[in-house]
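A.B. asks: sequence? don't have it. structure:
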């Protein structure tokens, strides 16, 4: 199983759409974990999708891409989020 499959499995098992109503602390932990996964995926896609990678890092208030594991700052407030891709 690859990283993306593991991330999807984690998200599905945690059910943040349920947690947001029943367990806010669990919801916050799930979303924080997913934010870290997304931040690190942005590093991996940077060589062939630099604009998308930059957009993700901008949303998460991160510096330029690097090859080290990064962590999103806790309690980050996301603002002005737009879709990464245009639906065709």
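C.D. replies: Alright, I've got the coordinates. Since the model is a prediction, treat every value here as computed from it, not as a measurement.

A.B. asks: can you list the residue ranges for helices in the protein?
C.D. replies: 3-14, 16-22, 24-45, 50-59 (DSSP state H).

A.B. asks: residue 67 is nearest to which of the ones you listed?
C.D. replies: Of all those, it is helix 24-45 that lies closest to residue 67, at 6.7 Å by CB to CB. Placement of C-beta: from N, CA and C, glycine included.

A.B. asks: buried sites along that closest one?
C.D. replies: By neighbour count on 16 or more other CB atoms under 10 Å, the buried set for helix 24-45 is 27, 30-43.

A.B. asks: could you list the residues in contact with it?
C.D. replies: 3-4, 7, 10-11, 14, 16, 19-20, 52-53, 56-57, 60, 62, 65-67, 69-72, 74, 76 (CB atoms under 8 Å, 6 or more residues apart in numbering).

A.B. asks: in ChimeraX, select just the buried ones from those residues.
C.D. replies: Those of those that count as buried under 16+ other CB under 10 Å are selected in ChimeraX with:
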select :7,11,14,16,19,53,56,57,60,62,65,70,72
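
A.B. asks: identify the farthest-apart pair in the buried residues of helix 24-45.
C.D. replies: Of all pairs in those, the most separated under CB to CB is 27 and 43 at 25.4 Å.

A.B. asks: for the protein, which spans come out with low pLDDT?
C.D. replies: 1 (pLDDT under 70).

A.B. asks: quick one: stretch 59-68 to chain centroid distance?
C.D. replies: Offset of stretch 59-68 from its chain centre (CA atoms, centre = their mean, to the nearest Å): 12 Å.

A.B. asks: and it, end to end?
C.D. replies: 19 Å (CA to CA, to the nearest Å).

A.B. asks: before we move on, what about stretch 47-64?
C.D. replies: OK, stretch 47-64 end separation, CA to CA: 12 Å.

A.B. asks: same question for stretch 59-72.
C.D. replies: One end of stretch 59-72 to the other measures 10 Å (CA to CA).

A.B. asks: which residues touch it?
C.D. replies: Here stretch 59-72 makes contact (CB under 8 Å, 6+ apart) with 32, 35-36, 38-40, 42-43, 46, 53, 57, 73, 76, 78, 81.
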